[in-house]
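J.: Let me see the structure of the following:
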Amino acid sequence: MPKVSVLMNCFNGAQFLKEAIDSVYAQTYLDWEIIFIDNCSTDESQDIANSYNSKIKVFRTDKNIPLGAARNFGIEQCSGKYITFLDTDDIWLPNAIEKLLTLITSGDYALAYAGHLNINIDNTIIGKMIPGKRKGMIFGGLLKQFDIPIVASMISSQHLLESGLLFDNNIHASEEYCLFMQLAARYCFISIDEIVTKYRIHDNTLSNKTISRFANERRYTLDKIIKENPGIRRIYQKEFKEAYARASYYEARYFMSIKDTESAINSLSAYKYQSVVYFVLYILVRYFNGLWYRLQKIKYKRNVVKIN
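T.: Numbers count the residues shown, from 1 in each chain. As a prediction, this is how the structure comes out:
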C-alpha cells in the first residue's frame with residue numbers, strides 16, 4: 001500500500017496532462033500512487049492516463065460532476081496515509097512530495113503546505129505565491145489571510161477520516177477554502193516558505209459569476225464553521241470580522257463589475273472602519289467610482305523568466 005496518494009481530477013485536460021503526470025513520475029520520493037479521476041472527458045485524457053504503468057489508477061465518472069464531488073469520489077479511492085492534489089495542467093518540482101511529507105510527519109499535523117510559481121500556457125513564470133512559515137493552530141491567521149494552495153498541499157487521511165469532513169458539494173468556486181478552513185478549526189497545520197509546484201494560469205481575470213460566488217461561499221463557510229464549533233467566534237472575534245469583511249470586498253467587486261455602485265457601497269459600509277484599507281475602498285467606491293474602474297484596467301508589468 002503506497003504511503004502517498006496523488007489525486008488528479010481531469011475534464012478534457014489532455015493538452016498539459018502528460019507534463020503533469022511526468023512530474024509525478026520524476027519525484028525523488030517513490031512510494032506513491034496516482035488516483036486519476038476522468039470526469040467524462042471527451043478528448044484523449046483517459047488514453048494518456050492509461051498509457052502509464054500500474055502506479056496510476058484510472059477511474060471514470062458516470063457523468064460529469066462538480067469538482068468537489070469528483071474530488072470526494074477520488075478520496076474514496078485513495079489508499080495512502082497522505083493525500084495530495086495535482087491538477088492536470090500543473091507541474092510538481094521533483095522534491096514536492098518529499099518536502100510536504102517531511103513537513104506533515106514532523107508532528108501531529110492534519111495538513112502541510114508550501115508555495116508555488118505561477119506560469120502561463122507557454123511555461124513562462126508570471127508570478128509566485130509563497131506562504132510564511134507557520135505551524136500549530138493557525139486558524140486565526142487563515143481567517144485573516146488564507147494562503148493555502150491546494151496544488152502545494154498534503155492532507156493526513158487519518159485526520160480527514162476522523163473529522164468526517166469532505167469537500168462540500170454546495171461549494172463551486174472555493175472548494176478547498178471550505179474544507180481546509182473546517183480542518184484548521186480543529187487541527188494543527190504546518191507550512192514552509194518554499195516553492196514545490198508550478199501552477200498554470202490560463203486567464204488572469206475572474207468572471208463576474210466567480211467573484212460573486214467567492215463572496216457567497218466565503219460567508220457560507222464562515223457560518224458553517226461557527227455552527228459546527230460553538231464558541232469559536234468568541235475566541236476569534238476580530239479574525240472572523242476580517243474574514244467577513246473580505247467576503248464583502250468580493251461582493252463589492254462583483255457589484256462594481258456590473259455597474260451597481262449603490263449595492264457595492266452597501267456591501268462595504270458595514271466594514272468601512274475595519275481597517276484603513278476597507279475605509280479607502282469604501283471612499284473610492286462611494287465618491288470616486290470612476291477611479292475604481294480605471295484602476296481595474298491597470299495591468300502591472302512583471303519581470304518574466306522563461307523556464308528551461
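
J.: so what secondary structure elements neighbour the helix or strand hosting E262?
T.: Using DSSP states H and E, E262 sits in helix 261-269. Judged by 3 or more Cβ pairs under 8 Å, 6 or more residues apart in numbering; DSSP states H and E, helix 261-269 is in contact with helix 237-257, helix 276-287. All C-beta atoms are positioned from the backbone trio N, CA, C, and that covers glycine.

J.: can you pull the buried residues of that helix?
T.: 264-265, 267-268 (16 or more other Cβ atoms under 10 Å).

J.: ok so, going back, show me the one of the helices and strands packed on helix 261-269 that comes nearest K227.
T.: helix 237-257 (12.7 Å; Cβ to Cβ).

J.: Give me the three-state assignment for L7.
T.: Secondary structure assignment for L7 (DSSP: H, G, I helix; E, B strand; the rest coil): strand.

J.: Report how many residues lie close to it.
T.: L7 sits with 24 neighbouring residues when counted by other Cβ atoms under 10 Å.

J.: Who is it paired with across the strands?
T.: Here L7 sits in beta bridges with I35, F85, going by DSSP bridges.

J.: who's in contact with it?
T.: Contact analysis of L7 by Cβ atoms under 8 Å, 6 or more residues apart in numbering lists 35, 37, 71, 74-75, 78, 83-86.

J.: rewinding a little: identify all contacting residues around the helix holding E262.
T.: Counting by Cβ under 8 Å, 6+ apart, 248-249, 251-253, 255-256, 278, 281-282, 285-286, 289 sit against helix 261-269.

J.: got the contacts of L7 as CSV, with distance to Y177 columns?
T.: Listed next are the contacts of L7 as CSV, based on distance: Cβ to Cβ, whole Å:
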residue, distance to Y177
I35, 22
I37, 21
R71, 13
G74, 18
I75, 17
C78, 21
I83, 17
T84, 18
F85, 14
L86, 18
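
J.: Among the residues you listed, which one has the most neighbours?
T.: T84 leads those on contacts (other Cβ under 10 Å) with 29 neighbours.

J.: residues in contact with that one?
T.: Counted by Cβ under 8 Å, 6+ apart, T84 has contacts 4-7, 96-97, 100, 153-155.
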